[in-house]
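*Asks:* mind folding the following:
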Amino acid sequence: MKKLSLIFLLFTAALTTSAQNKQIDTLRVALSKAAGPDTIRMNILHELTRNYFVSKPDSALIFAHEYYDIAVKLKRVKDQASALNAIANSYSTLGDYVKAFSIYFKTIKLYENINDIPGMANEYSNIGSGYTSQQDYIKALPYLRLGLKKWLPYAQTHKLTGHTQKIQTAILLLNIGEVFLYTHQIDSADYYLQNSYVLSKKNNLLDLLGNIERDLGEVEAARGHKAAAFNYFRQSLPASVGQEDGEMLSITYLSMANLYHHDKQQDSAEYYAQKALEAASAQGYLQDVFNAGKVLYAYYEEDHNLPQAYKYLKITTATKDNLFSQDKVKQLLSLDFDEKQRQADIEAAHTEAQNRLRTYILSGGLVVLLLLALISWRNSRQRQRANSLLKSQNAEIEKQKKSVETTLGELKTTQNQLVQSAKMASLGEMTAGIAHEIQNPLNFVNNFSEVNKDLLEELKAESTKPKAERNEQLELELINDLINNELKINHHGKRADFIVKGMLEHSRTNTSERQATNINVLADEFLKLSYHGLRAKNKHFNADLVTHFDTSIPRMNIVQQDIGRVLINLFGNAFYAVNQKAKTAGKDYKPTVEVNTVQQNGSVLVSVKDNGTGIPDNIREKIMQPFFTTKPTGEGTGLGLSLSYDIVTKGHGGTIQVNSKEGEGSEFVIQLPLS
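*Replies:* Modelled structure (predicted):
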């Protein structure tokens, strides 16, 4: 009895100790004295596993296996799942994803058996993170979204507001944000990461802040904001060092290396890449060893330092073989297929149960109808009873009719509610887009207004001084600053007005009438209009205009102002592309915009071709989306091509296609039906 009390006191002391090393030492002393009972030993092993996970995942494995064995012996399903989760996390950290994923899927089944929604959500999040670590983002995102889908309704239903709820939500938001970051969807990444960051800072979730700050640094780096990126990276480093998290240190150092490399500071880039490799190697994080080695190999190859390049090529190749051997890839694919098949089987079983229930209901209905027919036949021999039965049946029919009418009314109401919900969801998405686009100019207006207020106060103070003490030069400078700031306020106010007008134009109902139009004349007029409009803003801009018009095209019934708007937008984009390329292409480059029309298979094709910068493959599918733009802030709203797409496809029943090669140019082809 005294020994049991001593063990309990040691265990309690360990949990209340803030220093991790001291906590581990106390727990190990408690473990050495806890030959039994199993429940206390199991709890000590659980805490040791949790403490060793960050710094020594291989040690965590040993304690987690013993933790699992005791949980099985005691038939504690939730503890079994917790132990398996710790084992899988350790294998994932060590880069053995085949074992990790196999155990994660086994853990999910245990949580399903006890209907533990938080446990299932956590495992799906871990699987998504594992795929993210392997850079398989296509597989990662569905699992992460499934985890968030299971977790958020559960947390809201159970009104969870504690630390566990907040850290789980923050982790899921962080993991989804990382997937969007690594797939170069920067705005989506920033949205999820900022939400995770606000939640973590507000609730002092120190374990997550370093990760989020590093990822926000990557977001700023992708946007070309180097100073902001370095600031986030440096903020994340103290948290990493304090936690002795080699994996996190490695990833942060590698992010800094890439940013220095992009800034052509090769010495700094190589220095931080080597620190990333050292941090990952020290604790055996194979995935991070592979990433750092690959970067160092590329850096030294650029420097033509072949001995060093070969050294890191060997490290990368060996690690890659360990991580991505053919057998491991096959096993991972098999595990992913098995889990998806299991989910499909669950859904099929649910559907089969529903069908079986419908069959039982239908069979019961048929039996009832047969009984009614039998009763009707039996009572038909007696007129009085037959008449009574007839009245009863009529009443029942009337009742059923009213029931059907009521049901139909409810269905219509539900249908209207669903349509309204869909409209509100669409409106919400559009409103979010408007808010995102208009925020930047409004921020400028607000900021310059605040500055002007301060300048006016200073000017007021100076003007009230005696004439001998007044600084007329200062007053003049303050007045000039006020004038300049007012010009900026006016500029950004017009910018906001332009965005709003663009949105109204995008959403307006088209009531214009179609007119018989010569498409060649229309294209020629708007080409010249667009060119001279750009020349009025930039007198140094020049381009060759090439036209090939098919004179056999008959007059077409189109809405002139709408098709004109489409052409002006395409011409403007073409001139912008060649102008951007002219800034770097050299003297031999000749900007050219070519417009062609041709009649083909009952349609007219209008093509706008340029030899400008072209469109990268990774964004070509997004250019027709509202608010997506490749132009710098202030030069485009991202509505031009979206509006053009709606006019051509919805307004005129045509199509618009894009052919482009990055660095060589682009071609937009509009197809309009003649009839």
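*Asks:* surely residue 287 touches residue 133?
*Replies:* Yes. Using CB atoms under 8 Å, residue 287 is in contact with residue 133, at 5.2 Å. Every C-beta, even on glycine, is put in place using the N, C-alpha and C of the backbone.
*Asks:* tell me, how many residues neighbour residue 308?
*Replies:* Neighbours of residue 308 under the rule other CB atoms under 10 Å: 15.
*Asks:* where does the residue lying closest to it once chain neighbours are set aside fall, helix, sheet strand or coil?
*Replies:* Excluding the flanking residues, the one nearest residue 308 by CB to CB, 6 or more residues apart in numbering is residue 300, at 4.1 Å. State at residue 300, reduced to three classes by DSSP: H, G, I helix; E, B strand; the rest coil: helix.
*Asks:* contacting residues for residue 300?
*Replies:* By CB atoms under 8 Å, 6 or more residues apart in numbering, the contact set of residue 300 is 270, 306, 308, 309, 312.
*Asks:* and after the lowest-mean-pLDDT helix or strand in the chain, which helix or strand comes next?
*Replies:* In the chain, no helix or strand scores lower on mean pLDDT, DSSP states H and E than helix 2-15, which sits at a mean of 42. As assigned by DSSP states H and E, the chain's next helix or strand after helix 2-15 is helix 20-33.
*Asks:* can you point out the buried residues in that next one?
*Replies:* For helix 20-33, burial by neighbour count (16 or more other CB atoms under 10 Å) applies to 23, 24, 26, 27, 28, 29, 30, 31, 33.
*Asks:* check stretch 401-415 too.
*Replies:* Buried residues in stretch 401-415, defined by neighbour count with 16+ other CB under 10 Å: none.
*Asks:* for the record, mean pLDDT for that stretch?
*Replies:* The pLDDT scores in stretch 401-415 average 72.
*Asks:* state the helix or strand in which residue 608 lies.
*Replies:* Residue 608 belongs to strand 603-610 when assigned by DSSP H and E.
*Asks:* mean confidence (pLDDT) on the helix or strand just after that strand, please.
*Replies:* Moving toward the C-terminus from strand 603-610, the next helix or strand (DSSP H and E) is helix 640-646. The average pLDDT for helix 640-646 rounds to 78.
*Asks:* helix 640-646 - contacts with which helices or strands?
*Replies:* Contact here means 3 or more CB pairs under 8 Å, 6 or more residues apart in numbering; DSSP states H and E; on that basis helix 640-646 packs against helix 472-507, helix 560-582.
*Asks:* show me the one of these that comes nearest residue 664.
*Replies:* Closest approach to residue 664 among those (CB to CB): helix 560-582, 9.6 Å.
*Asks:* report all helices and strands that the closest one contacts.
*Replies:* Looks like helix 560-582 contacts strand 515-517, helix 519-537, strand 592-600, strand 603-610, helix 640-646, strand 665-673 (3+ CB pairs under 8 Å, 6+ apart).
*Asks:* what pairs with the last one, parallel or antiparallel?
*Replies:* When sheet partners are counted by DSSP bridges, strand 665-673 sits next to strand 603-610 (antiparallel), strand 655-661 (antiparallel).
*Asks:* quick one: closest of those to residue 105.
*Replies:* In terms of CB to CB, the element of these nearest to residue 105 is strand 655-661, at 41.6 Å.
*Asks:* relative orientation of the closest one and helix 560-582 in degrees?
*Replies:* Angle of strand 655-661 versus helix 560-582, following axes from the mean of the first three to the mean of the last three CA atoms, to 10 degrees, is 10 degrees.
*Asks:* next secondary structure element downstream of the helix or strand hosting residue 112?
*Replies:* If you go by DSSP H and E, residue 112 is part of helix 97-113. Where DSSP H and E defines the elements, the next helix or strand beyond helix 97-113 is helix 117-133.
*Asks:* tell me the mean pLDDT over that following helix?
*Replies:* Average pLDDT, helix 117-133: 85.
*Asks:* go through the strands paired with strand 665-673 and find the least confident stretch.
*Replies:* Mean pLDDT per stretch puts strand 655-661 lowest among these, at a mean of 90.
*Asks:* give me the buried positions along that strand.
*Replies:* 656, 660.
*Asks:* ok now that strand, how far from the chain's centre?
*Replies:* Remark: strand 655-661 is offset 26 Å from the chain centroid, using CA atoms, centre = their mean, to the nearest Å.
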